[in-house]
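> Show me how the following folds:
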Amino acid sequence: MFSLMVVVFILGYAAIALEHNIKVNKTASALFLGVILWVMFMLDAGNILTADIGGKFSAFLQANPDVSNLPKLEQYVHYISENQILGFLGEISEILFFLMGAMTIVEIVDQHGGFKIITNRIRTRNKVKLLWIISIITFLMSAALDNLTTSIVMVALLRKLIDKRHDRWLYAGVVIIAANAGGAWSPIGDVTTIMLWINGNITAAGIVSKLFVPSLISMLVPLAVLSFMLKGEFDAPNHDEGSNINSVKVATRRERHIIFILGVGALLFTPVFKVLTHLPPFLGMLLGLSVLWIFTELMYHRKQDVDEKEKRTVARVLKNVDVPTILFFLGILSAVDALQSAGHLALVSQWLDSTFSNAYMPNVLIGLLSAIVDNVPLVAGAMGMHTIVLPETLATVANPDIMANYVVDGDFWNLLAYCAGTGGSILIIGSAAGVAVMGLEKIEFLWYMKKISLLALLGYLSGVITYFLMFG
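Numbers count the residues shown, from 1 in each chain. Next comes the predicted model:
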C-alpha cells in the first residue's frame, strides 16, 4: 500500500493537470486525492507505521505513554486521526482563512472600482513604454496583493489599451512573468510564499531582503530582450468600455479611494500585524477585512437612495469569492500531508541530502518541475521533506554545513520560494496566474511556448545566478 499511495498520487496529479481533457474539475480530483490517500494510509497503518520512516510514530509514542499502552489498532487511530490529521488541518486552515480574507478584500476593492485609480492613469501608445509600465505595475501590485489577482486586473487593463489579439497576448505573457516574479519576493505575493511564511520557514524581512533583487532580475532580463524586438505604437480598441456604471452609482469617487486605501492597506498591514502581535497572519488579514466590512456597511447605511440590489455589500461580494480554488488547496495540501505523515517525503529528503551538497540544484529542479505541475504541492512537499533547523542546534547535528540551508530564512527556503514562483512562468500552465490569463485571453499553449517560454526560462536562470552571486 505504501508504494500504491505514490501511484495514486501521480494518477491524481495527472487528473488535475489534464482537467480540460478529462472534463473533470481539478478541485474534485484534488479533494478525492486528499481523502483517498489518508484512507489508504489508515488501512495499511500496521505495515507503514511499523517501518516508521522518519521516526515520527515512535516519537509520538514516547511523548504519549498512555497511548503506547493501548492495543496497536488504537495506537494507529490516535496517531493518524487525532494527531496527524488534526495537526495538519490546523496548518492548512491558517492558509485557507488567509486566502479567503485576502480574496474577499480584493473583490470588495474591485467591485467598487478601486483599481481604476491605477488603470485609468496609463495613456501611452508606445509599445516599449507600455511594456515597461505594465511590467513594473504588475511586479509591485503582485507583491502587495497576489500574482493571481494582479494578473486578472492587468488583463482587464490590457483589453482597454490594446486592440489586436496577438499583441495583447504578448503583453499578457509578460504580465505572467512579472506577476510571478513580484509574488516571489513578498510573503503575501504568492500562495507558496504564504505557506512558507505562515509555517515559519521564512520571515517577511528575510524574503524581501534576499529575493527582491533576484526576482527583479528575472523580470528585467525578458523585458530587455523584448525591448529590442518591439517597435512602433499599438492600436487602441475602437470601443470605449468606460467606467463601471454601477460602481459609480453606489460609491462616490472619495469613497472608492477610501475603499482602495483600506483594502490595500489591510493587505500590507498583515506582515506588520504578525511582527507586532506574534499572532498568525490570517488573524491580521481578518482584522483588515473586518475594518473594510464595517466601513462599507456604514457607507451603505447612509445611502438610502441606492437600490438594495445595487449595493456591493461584503455579504454579496462573498458570493464572488473563488471557493473552488480554496477547496483545491485543501485537497492537494491534504494529499501531500498524507505522504508526509506516511514517510514518503522523508525518503525523498534523505535522497536529496545524499545526492546534493547545496540548496541550489534541488530547488532549480523544483522550479523547472513547477512549469509542468502546480507549485503548491511541490512547495508543500518540499516543506514536508525538511524540518526547520534551529541555529543553536547546528553544532550538534550531522553535516552542519548542509543543515544550515534549513534554518529560518536559510538558502533552501528562499530558493524554494523563488524557484517555485518564477519557474511556473516557463509554461502557461505552470502557475495560477498563467492558468487565469490563459482562460481569460484564450492564449494557446503552443503559442506561449514559442513566444514566451524561452524568455521566462532565461529570466528564471538569471535570477538563480543573481542569488548565487549575492549569497552563494
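> quick one: secondary structure of Arg123?
Here Arg123 takes the coil state, with states given by DSSP: H, G, I helix; E, B strand; the rest coil.
> What number of residues are in the vicinity of it?
Residue neighbour count, defined by other CB atoms under 10 Å, stands at 9 for Arg123. C-beta coordinates here come from the backbone N, C-alpha and C atoms, glycine included.
> can you pull the contacts of it?
Shown in contact with Arg123 (CB atoms under 8 Å, 6 or more residues apart in numbering): no residues.
> One more: Thr277?
Leu283, Gly284.
> Any chance of the backbone angles for it?
The main-chain torsion angles of Thr277 are listed as degrees, to the nearest 10 and equal phi -100, psi -20.
> what helices or strands is the helix or strand Ile133 falls within leaning on?
Taking DSSP states H and E as the criterion, Ile133 maps to helix 127-144. Using 3 or more CB pairs under 8 Å, 6 or more residues apart in numbering; DSSP states H and E as the contact criterion, the secondary-structure elements in contact with helix 127-144 are helix 147-161, helix 165-184, helix 204-229, helix 253-277.
> Any idea which of those helices gets closest to Phe295?
Taking CB to CB as the measure, the helices and strands packed on helix 127-144 were each checked against Phe295, and helix 253-277 came out nearest at 6.1 Å.
> buried stuff in the helix or strand that comes right after that closest one?
Elements were assigned by DSSP H and E; along the chain past helix 253-277, the next helix or strand is helix 281-301. For helix 281-301, the neighbour count (16 or more other CB atoms under 10 Å) marks 281-289, 291-293, 295-296, 299-300 as buried.
> and if you look at stretch 79-94?
Tyr79, Ile80, Asn83, Gln84, Ile85, Phe88, Ile92, Glu94.
> Point to the residue nearest the middle of this structure.
By CA atoms, centre = their mean, the chain has its centre lying nearest to Val191, at 2.0 Å.
> For the nearest residue to that residue once chain neighbours are set aside, give me its contacts.
Sequence neighbours aside, Val376 is the residue nearest to Val191 in space, at 5.7 Å (criterion: CB to CB, 6 or more residues apart in numbering). Val376 makes contact with Val191, Thr192, Met195, Phe329, Ile332, Leu333 under the criterion CB under 8 Å, 6+ apart.
> can you give me the offset of the helix holding Ile133 from its chain's centre?
Between the mean C-alpha location of helix 127-144 and the chain-wide mean there is a distance of 19 Å, by CA atoms, centre = their mean, to the nearest Å.
> re earlier: avg pLDDT for the helix or strand hosting the residue nearest to Val191?
Val376 belongs to helix 375-385 when elements are defined using DSSP H and E. Rounded to a whole number, the mean pLDDT of helix 375-385 is 74.
> now it against helix 165-184, angle please.
Regarding helix 375-385 and helix 165-184, their directions subtend 20 degrees when assessed with axes from the mean of the first three to the mean of the last three CA atoms, to 10 degrees.
> Can I get helix 375-385 as CSV, trimmed to CA atoms?
Extracted in CSV, the C-alpha atoms of helix 375-385 (Å, rounded to 0.1, in the frame of the first residue of the first chain):
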residue,chain,number,x,y,z
ASN,A,375,3.8,24.8,-7.4
VAL,A,376,1.5,24.5,-4.3
PRO,A,377,2.0,20.7,-3.8
LEU,A,378,5.7,21.0,-4.8
VAL,A,379,6.3,23.5,-2.1
ALA,A,380,4.2,21.6,0.4
GLY,A,381,6.2,18.5,-0.5
ALA,A,382,9.5,20.3,0.0
MET,A,383,8.3,21.7,3.3
GLY,A,384,7.4,18.2,4.4
MET,A,385,10.8,16.8,3.4
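> ok, residues contacting stretch 463-472?
With contact meaning CB under 8 Å, 6+ apart, stretch 463-472 is reached by 181, 210-211, 213-215, 217-218, 360, 364, 367, 411, 414-415, 418-419, 422.
> Quick check: of the buried residues of helix 281-301, which lies closest to Trp38?
For those, the residue nearest Trp38 by CB to CB is Phe282; the value is 23.7 Å.
> Return the distance of that closest one relative to Leu99.
For Phe282, the distance to Leu99 equals 9 Å [CB to CB, to the nearest Å].
> same check, this time on Thr325
Remark: distance between Thr325 and Leu99 (CB to CB) = 8 Å.
> Which one's more surrounded, these two?
Leu99 (21 against 17).
> what helix or strand is that one on?
In this assignment (DSSP H and E), Leu99 forms part of helix 86-111.
> Compute the inter-axis angle for that helix and helix 375-385.
Per the same axes, to 10 degrees, the angle that helix 86-111 makes with helix 375-385 is 150 degrees.
> Helix 86-111 versus helix 281-301: what angle between them?
Here helix 86-111 runs at 30 degrees with respect to helix 281-301, directions being taken by the same axes, to 10 degrees.
> now helix 86-111, how far from the centre of its chain.
On the basis of CA atoms, centre = their mean, the separation between the geometric centre of helix 86-111 and that of its chain is 12 Å.
> so for it, what's the average pLDDT?
Within the predicted structure, the mean pLDDT of helix 86-111 is 83.
> Can you name the next helix or strand after it?
Sequence-wise, the next helix or strand downstream of helix 86-111 (DSSP H and E) is helix 116-119.
> Give me the residues contacting that following helix.
Taking CB under 8 Å, 6+ apart as the criterion, the residues outside helix 116-119 that touch it are Ile137, Met141, Val153, Ala156, Leu157, Lys160, Ser243, Asn244, Arg256, His257, Phe260.
> wait, which of those residues is closest to Gln340?
Distances from Gln340 to those, taken as CB to CB, are shortest for Met141 (33.5 Å).
> Give me the pLDDT for that closest one.
In this prediction, Met141 carries a pLDDT score of 86.
> Report whether the expected contact of it with Ser151 is present.
No. Met141 is beyond contact range of Ser151, at 9.5 Å (criterion: CB atoms under 8 Å).
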